[in-house]
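Q: sequence? don't have it. structure:
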């Protein structure tokens, strides 16, 4: 396995040259594009890694997976009265679809959907950010901290998200104050974690809701399956079909260049390389996961 | 003329029964639906009126006409680099079209367009609200005051407008802070004026930019023509075609139940009746203007 | 007047250099771009012209005005159960809006609307094409012939129109066979007439439904007003606002480079210059009408 | 296994009461709603079934899977220059999305995409319908016949599909004559096969492109994976997310009430029950597949 990871790193790193680091906020734009890490953790407790796998980076939209987990473990299927779970077929921050569908977001992995989940979390937890950090610390095995500078930048460049929240509020889909929801959402995106930490968090999804890291049963087998299904069909912006084919695993990506992936019954993975392709996914990250499932035959298809 | 106005009042008042008073804020919902007024002022200085023509009501979107006038008199045609002047064919607060057209509003009479005009006015005037009130006081012949309770309600129910401003800001189409633009916009909508005052303000448009009330030349003949043309094609939400046919005059309506109208070279009109038809225009107001142009033959067509 | 027309021809012809002749079918692409004609006919019977005003050209979408006239004179207001009369705010052959509005076209001057009018005419006339040609011959004062080569080319390049008809049929909005409706529509577009002939046809609209050419009363004052209103708000594709401002007259344009215009109570006009601007309207034609109303002050605003 | 299938039939049949048999053509409307069959075939050659598993029904959109297979086996990845492979997030016959994306369909399982595949097949095969029937006969183990009455009805009610073809042709996305493409498409949908036959055809996808039925290698491992991925993300109209979660298998459904499914490395399945739920998928079919994967734990997640 270590040999495979080395070959993947060697061959896929170059793909980063075809991508572009996210540059809408300085905190992301300043990350060196040559960074690369891949971590593979098994349910048996084996841990493999290559590259800067202990270096924390901005998890960005990967946090949407954890927001969903947090809501689902408290609320169960009732969550789906608030939002859908179907692919959107539209850019992740589109208002057009939201308007056509009366302010109900398509799924929890487009921005509108994650904002609804944030709103829900204010009903479920006294301090949702604290709850999220605690969950992540327990499931990753070490502290998950918010980078305050990134959070501030996100807020300042957050007009699109503000538009989404106010728009959904105008349909009565958001219960809490727009500013509060946006603040929490931006902080969640600004959490920094390492590929190694994130690979750990995926084990709970590989293990049907029971975490081998914290030892806790967070959700039912059915809820874990739900999260995996939503990751596969909606987890990688407008490239879910491409990921399903090339990687063939439930994945969730972020504009920080991280991608987490689940091999049901077997492993949790995380890859990190900052430059993004045109669909907003890590270019080298996609290549690495593609090579990993191709060489190991571990795709779900 | 007075006899005609009496007949119009008598026959058209009943149309109000088919409409519904705007109820999204208390300040509008509490206006008695039976209120009715029609004022007709000529360039020769004759003034005709029927009903509560001296009672002030919330001008709402009629203010969009004056915001446009204020911007155009300072900036001239350069204003059109910031927004379009074509009919929108979509509900007045649609985000869908805005997304398809990269955040540039179709015209100054949909909410998105009026918000851009508000943003522009912060560049042109130290205190745009004061400038607007001054303009209105001079052109109407008496004070135009903001109703603070209405303004506050508008702000509290203003999620859709907030969504529009943030959305346009995300495309770089709004230069000033969202809160500031929204606050000004809501105050402008909350101005209270009477039909008599509003009929006066239309004389400047009937007279190609030179006001018989203030004696001032506010804009060029060409700019006055522009405002009239935008009123005719875009002034009555999604019923511009219906108004063009039935009334055949440049008009601008508001959800407070007021409609202003211009007869080029001749007159300024204003009608007021709170209940709105399905397109958001005063039901009895449309009927009254229809009857006025039909009986006088003063349509532009 | 003749002197004015000469100056207009001299100054506006050059605008054609900024346009592009329609080239989707050979019959249009082969027309010399330097052609120019302007005809002005008054209700008093005066006829002024400059350029190739007796040369017949492909009237294309100008025919939509006559299709509407033909339907309205038989059916009256009942026609509006079949289609709308509001500006569309979308390209003239858009399917998106049609889908959102359940297959009911916005107005008779977008392609979808004209196709519905064609469908209606099969219910009203034994041979609608013959009826149209007869009407045009009577109202223009001489024969109006279909160019068979153009009609054939239109049909062969008519996939977008075929899509519109089949789409509306799938909503139950078209009663006759798709092929039949398309064939008639393409032939109507392929009619050739001169600016002089077309200026004549506009007199009936200037004269509230009574034709000074044929002496016939074709429609009521109200119906004539309706056609004028639809021309002003919808007659020039996605540039209705621009035309309302610059020209200030009810107009209808075609991709053959012709534009007809009405001055209510006074005149009928037609201008022809093949090169089109980006909105699909004759570039020199718009300039000529703009200059005409500016110099004569005959705008309706 | 036989015991499990019996229990599934017993428990899930009732779900049909919540659905509605497709009624836009008589050939579908007249099928008895109580029909039910489920067939499960393994790569080892075991065959299990319950209900009318040898009765042929109209495969309808299930044929899209085979059209795709036929194109992919000849053309390989070059096929994707002609259409996408991402979920659409819109009804299966929407024109709106097609317009926004310049006439390129999102994936081969919406009608627009299947029509493009039909167009492609005219380039690859002398007689594509014959090729399709031959392929199906070989892979299902017995004859696959077109029902001529159904095909004729489809054509007569095919205005929406005709609109799609003409619309894509107007963008230059269809090379062959519209009538020819539509005729082939309707015949492919009108093929009748039994659940038993269809379960057989899925084995090639379970076995990575090598058919245990015909013994032929039809496509590469990678192409088989591609088809499975597209089935999972796009195979069940606007309910792909729901199917991914509840069933957790690559599936393709048709309005005839059939659903095929693949368990990679293990089995091919087909279920049939005519009444459809609101998303156009067989109501009892979904319930049956849900129960099957829940009881056997054979979901891919």
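A: Done, it's in. Note that this is a predicted model, so its numbers are computed, not measured.

Q: where does the stretch 1-150 of chain A dip in pLDDT?
A: A:92 (pLDDT under 70).

Q: Tell me where it has strands.
A: Shown for the stretch 1-150 of chain A, the strands assigned by DSSP state E, counting those that start in this stretch span residues A:37-42, A:47-51, A:57-58, A:145-146.

Q: Tell me which of the ones you listed sits nearest to chain D.
A: Shortest distance between chain D and the strands of the stretch 1-150 of chain A, using C-beta to the nearest C-beta, is found for strand A:37-42: 17.7 Å. For every residue, glycine as well, the C-beta is placed using N, CA and C.

Q: Which strands or helices does the closest one pack on?
A: For strand A:37-42, the helices and strands in contact under the criterion 3 or more C-beta pairs under 8 Å, 6 or more residues apart in numbering or on different chains; DSSP states H and E are helix A:2-12, strand A:47-51, helix A:195-206, strand A:267-272, helix A:283-296.

Q: go with 7 Å
A: If contacts are counted by 3 or more C-beta pairs under 7 Å, 6 or more residues apart in numbering or on different chains; DSSP states H and E, strand A:37-42 sits against helix A:2-12, strand A:47-51, helix A:195-206, strand A:267-272.

Q: so residue A:224 makes contact with residue A:202?
A: No: with contact defined as C-beta atoms under 7 Å, residue A:224 and residue A:202 do not form a contacting pair (10.9 Å).

Q: With distance to chain D and mean neighbour count added, can I get the helices and strands packed on strand A:37-42 in a markdown table?
A: Written out in a markdown table, the entries for the helices and strands packed on strand A:37-42 read as follows (distance: least, C-beta to the nearest C-beta, whole Å; neighbours: other C-beta atoms under 10 Å in any protein chain shown):
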| stretch | distance to chain D | mean neighbour count |
| --- | --- | --- |
| helix A:2-12 | 18 | 15 |
| strand A:47-51 | 23 | 19 |
| helix A:195-206 | 9 | 27 |
| strand A:267-272 | 14 | 28 |
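
Q: Can you check which of those gets nearest to chain B?
A: Of all the helices and strands packed on strand A:37-42, the one in closest proximity to chain B, counting by C-beta to the nearest C-beta, is strand A:267-272 (27.3 Å).

Q: can you list contacts of the closest one?
A: The contact list for strand A:267-272 (C-beta atoms under 7 Å, 6 or more residues apart in numbering or on different chains) reads A:35-43, A:57, A:195, A:198-203, A:206, A:257-262, A:282, A:285, A:288-289.

Q: For residue D:9, which of the strands of the stretch 1-150 of chain A is the nearest?
A: Proximity to residue D:9, assessed across those by C-beta to C-beta, is greatest for strand A:37-42 (39.5 Å).

Q: first to last residue in stretch A:253-264, what's the distance?
A: Stretch A:253-264 stretches 18 Å from its first residue to its last (C-alpha to C-alpha, to the nearest Å).

Q: what distance separates that stretch from the middle of the whole chain?
A: Mean C-alpha position of stretch A:253-264 versus that of the full chain (C-alpha atoms, centre = their mean, to the nearest Å) differs by 6 Å.

Q: Measure how buried residue A:122 is and give me the count.
A: With neighbours defined by other C-beta atoms under 10 Å in any protein chain shown, the count for residue A:122 comes to 17.

Q: helix, strand or coil for the nearest residue to it once chain neighbours are set aside?
A: Distances taken as C-beta to C-beta, 6 or more residues apart in numbering or on different chains place residue A:176 nearest to residue A:122, at 4.8 Å, with adjacent residues excluded. Of the three states, residue A:176 takes coil according to DSSP: H, G, I helix; E, B strand; the rest coil.

Q: For residue A:176, grab the count of nearby residues.
A: By other C-beta under 10 Å, the residues close to residue A:176 number 16.

Q: With distance to residue D:172 as added columns, please give the strands of the stretch 1-150 of chain A in JSON lines.
A: Formatted as JSON lines, the entries for the strands of the stretch 1-150 of chain A read as follows, by distance: least, C-beta to C-beta, whole Å:
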{"stretch": "strand A:37-42", "distance to residue D:172": "43"}
{"stretch": "strand A:47-51", "distance to residue D:172": "46"}
{"stretch": "strand A:57-58", "distance to residue D:172": "43"}
{"stretch": "strand A:145-146", "distance to residue D:172": "51"}
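
Q: Do a quick rundown of the helices in the stretch 51-200 of chain A.
A: Taking DSSP state H, counting those that start in this stretch as the criterion, the stretch 51-200 of chain A carries its helices at A:63-75, A:96-100, A:111-124, A:128-140, A:148-156, A:159-170, A:178-189, A:195-206.

Q: Please identify the helix or strand for residue A:259.
A: Using DSSP states H and E, residue A:259 sits within strand A:258-263.

Q: Taking helix A:195-206 as reference, get the angle to that strand.
A: Here strand A:258-263 runs at 30 degrees with respect to helix A:195-206, directions being taken by axes from the mean of the first three to the mean of the last three C-alpha atoms, to 10 degrees.

Q: who's in contact with the closest residue to chain D within the stretch 51-200 of chain A?
A: Minimum separation of the stretch 51-200 of chain A from chain D (C-beta to the nearest C-beta) falls at residue A:89, amounting to 2.7 Å. By C-beta under 7 Å, 6+ apart, residue A:89 lies in contact with D:86, D:87, D:88, D:89, D:90, D:97, D:106.

Q: Report the spatially closest residue to the last one, excluding sequence-adjacent ones.
A: If the residues on either side of it in the chain are set aside, residue D:106 comes closest to residue D:88, at 4.0 Å by C-beta to C-beta, 6+ apart.

Q: That neighbour reaches residue D:97, doesn't it?
A: Yes: assessed by C-beta under 7 Å, residue D:88 is found in contact with residue D:97 at 6.1 Å.

Q: Overlap of the contact sets of those two?
A: Common contact partners of residue D:88 and residue D:97 (C-beta under 7 Å, 6+ apart): A:89, D:106.

Q: more crowded one of those two?
A: Ranked by neighbour count (other C-beta under 10 Å), residue D:88 and residue D:97 place residue D:88 first, with 28 against 20.

Q: Just give me the neighbour total for the residue in the stretch 51-200 of chain A positioned nearest to chain C.
A: Closest residue of the stretch 51-200 of chain A to chain C, C-beta to the nearest C-beta: residue A:100 (8.0 Å). Around residue A:100 sit 14 other residues, with neighbours defined as other C-beta under 10 Å.

Q: next one: residue A:32
A: With neighbours defined by other C-beta under 10 Å, the count for residue A:32 comes to 8.

Q: Over to residue A:146?
A: Neighbourhood size, residue A:146 [other C-beta under 10 Å]: 17.

Q: so what's it bridging to?
A: residue A:191 (DSSP bridges).

Q: Confirm for me that it is in contact with residue A:191.
A: Yes: between residue A:146 and residue A:191 there is a contact at 5.4 Å, judged by C-beta under 7 Å.
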